[in-house]
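Asker: Model the following, please.
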Amino acid sequence: MKKTTIIFLLMITFFVIFLLQVNIFQNFTIAGVMPNLFVIFILFVGLSANVAVGVSFGVISGLMIDLIYSKSIGITAVMLCVIGYLGAYFDRNFSKDNKITIIIMVAASTIIYEIGYYMINSVILGFPIEMLFFLRILAIEVLYNILLTIILYPSLQKMSYSIDRAFKRNNILTRYF
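Answerer: Numbers count the residues shown, from 1 in each chain. You can find the predicted model right below:
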């Protein structure tokens, strides 16, 4: 029952993030670049829950974003799926209690997401790769995501602990042996 409640709350959180991304952050761009709250959200879901939940939320979120905004369906879903899996990988191999580690995870996830998204889009849509333009956008988005992670870290940490308790309760000893 508790897992169902957590998943429902995560869906509501997705819709809130979606509304923030579409309505609020379009007005707060830096050099025309918005933060990508979905990368941060899916990363934290992958870190907090398990591989299945992280990947599922990545695919579903990505498909919803693609259906509403994208020229091609599936690219965002694939890349957010990778971020959900990456979150679960980070959870197994790194501590999520350190703010610096979380910041590095967010930066790495943003870089992987943007490089994958840009490369797949360039192949499918057939546009030329402009490295300087892409690197400028990537640097701004990484810094923007890091700044938002620093600001939102206390609430993200509370959310992460409650999800972690629901999905991984009493698994601490089996995790190491």
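Asker: Which positions in the longest helix anywhere in the chain come out as buried?
Answerer: In terms of residue count, the longest helix belonging to the chain (DSSP state H) is helix 131-167. Judged by neighbour count (16 or more other C-beta atoms under 10 Å), helix 131-167 contains these buried residues: 137-138, 140-142, 144-146, 148-149, 156-157, 159-160, 163-164, 166-167. In this view, the C-beta of every residue, glycine as well, is placed from N, C-alpha and C.
Asker: packing partners for it?
Answerer: In terms of contact count using 3 or more C-beta pairs under 8 Å, 6 or more residues apart in numbering; DSSP states H and E, helix 131-167 is assigned the packing partners helix 2-19, helix 37-48, helix 99-125.
Asker: right, so these: which one is the most enclosed?
Answerer: Comparing the helices and strands packed on helix 131-167 on average neighbours per residue, with mean count of other C-beta atoms under 10 Å, the densest one is helix 37-48 at a mean of 27.
Asker: Can you tell me the centre-most residue of the chain?
Answerer: Taking C-alpha atoms, centre = their mean as the criterion, residue 39 is the residue nearest the geometric centre of the chain, at 2.1 Å.
Asker: Spit out the contact partners of that one.
Answerer: Residue 39 is in contact with 80, 83, 106, 109-110, 113, 145, counting by C-beta atoms under 8 Å, 6 or more residues apart in numbering.
Asker: From residue 78, how far out is it?
Answerer: Here the criterion is C-beta to C-beta, to the nearest Å. By it, residue 39 lies 13 Å from residue 78.
Asker: coming back round to it: going by distance to residue 72, which of the contacts of residue 39 wins?
Answerer: Using C-beta to C-beta, residue 80 is the member of the contacts of residue 39 that sits closest to residue 72, with 14.5 Å.
Asker: Relative to the whole chain's centre, how far out is the strand or helix carrying the closest one?
Answerer: Element membership for residue 80 (DSSP states H and E) is helix 75-93. Averaging C-alpha positions (C-alpha atoms, centre = their mean, to the nearest Å) puts helix 75-93 8 Å from its chain's average.
Asker: And the average pLDDT for that helix is what?
Answerer: Here helix 75-93 scores 93 as its mean pLDDT.
Asker: picking up where we left off before, just put the helices and strands packed on helix 131-167 in JSON lines and tack on mean pLDDT and distance to residue 58.
Answerer: Shown next, in JSON lines, are the helices and strands packed on helix 131-167 (pLDDT from 0 to 100; distance: least, C-beta to C-beta, whole Å):
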{"stretch": "helix 2-19", "mean pLDDT": "90", "distance to residue 58": "11"}
{"stretch": "helix 37-48", "mean pLDDT": "93", "distance to residue 58": "5"}
{"stretch": "helix 99-125", "mean pLDDT": "93", "distance to residue 58": "10"}
